[in-house]
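In: got a predicted model here, sequence first, then my questions.
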Amino acid sequence: RTNFHPVSTDLRTVQKKPCEEIIVKGKGPPCEKKCTNSEYKTSFEADFHKVTSVNQYGDIKSVQEDIMRNGPVVAAFAVYEDFFHYKSGVYQHVTGKNQGGHAVRVLGWGTENGTPYWLVANSWNSDWGDKGLFKIKRGSDECGFENQLISGSV
């Protein structure tokens, strides 16, 4: 199975490395437990936040109300080959194989030329899509998008 490199500006596909090649001797990267900013006085322990609740949505109206009340939510969806070439408009999968799952930040919604859409921020840099954003069809569970909308509270 191939996967894309998340920071690649040309979005070429690359082979995914096995975990053994990434993690040396079972150790991951070091985790700093102190702040390197001497001006910030809150301790690591006092600044640590935990999720207190997770919200999954049963309908589009609930998602829209939560975005208006609390800000962006998260969506996970299936990425197809044609998504890599998105530049503008409302994305709807047309061609290409499923390349795996992806999570994104849902900012809002609208309608373009009569087509309802979600406005979404991607994590592939501002040179991808429409300055790092994309629109995906709303109301039809495009690529499983509306089936996997979620948010959390801290």
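Out: That came through fine.
In: grab the most central residue of this structure for me.
Out: Nearest to the geometric centre of the chain sits V104, at 1.5 Å (C-alpha atoms, centre = their mean).
In: need the three-state assignment for it.
Out: When classified by DSSP: H, G, I helix; E, B strand; the rest coil, V104 comes out as strand.
In: same thing with E146?
Out: Quick answer, by three-state DSSP: E146 is helix.
In: over to A76?
Out: Following three-state DSSP, A76 is assigned to strand.
In: and if you look at R69?
Out: helix.
In: low pLDDT regions in this protein?
Out: Where the chain drops to pLDDT under 70, the residues are 1-34.
In: give the contact list for the nearest residue to T52 once chain neighbours are set aside.
Out: For T52, ignoring the flanking residues on the chain, the nearest one in space by C-beta to C-beta, 6 or more residues apart in numbering is S153 at 5.2 Å. All C-beta spots, glycine's among them, are computed from the backbone N, C-alpha and C. Applying C-beta atoms under 8 Å, 6 or more residues apart in numbering, we find S153 in contact with 51-55.
In: which stretches of this structure form helices?
Out: For the chain, the helices defined by DSSP state H occupy 19-22, 44-47, 60-70.
In: can you tell me which of those helices is most buried?
Out: Of all the helices of the chain, helix 60-70 has the most neighbours on average by mean count of other C-beta atoms under 10 Å, namely a mean of 14.
In: other SSEs contacting that one?
Out: strand 73-80, strand 98-112, strand 149-153 (3 or more C-beta pairs under 8 Å, 6 or more residues apart in numbering; DSSP states H and E).
In: could you list the buried residues of the shortest one?
Out: So that's strand 149-153. 149, 151 (16 or more other C-beta atoms under 10 Å).
In: strand partners (parallel or antiparallel) of that strand?
Out: strand 53-56 (antiparallel), strand 73-80 (antiparallel) (DSSP bridges).
In: of those strands, which approaches G114 most closely?
Out: Among the strands paired with strand 149-153, the nearest to G114 by C-beta to C-beta is strand 73-80 (22.4 Å).
In: which residues touch the closest one?
Out: Against strand 73-80 from outside (C-beta under 8 Å, 6+ apart): 4, 55, 57, 63, 66-67, 93, 95-106, 118, 120, 136, 142-146, 148-151.
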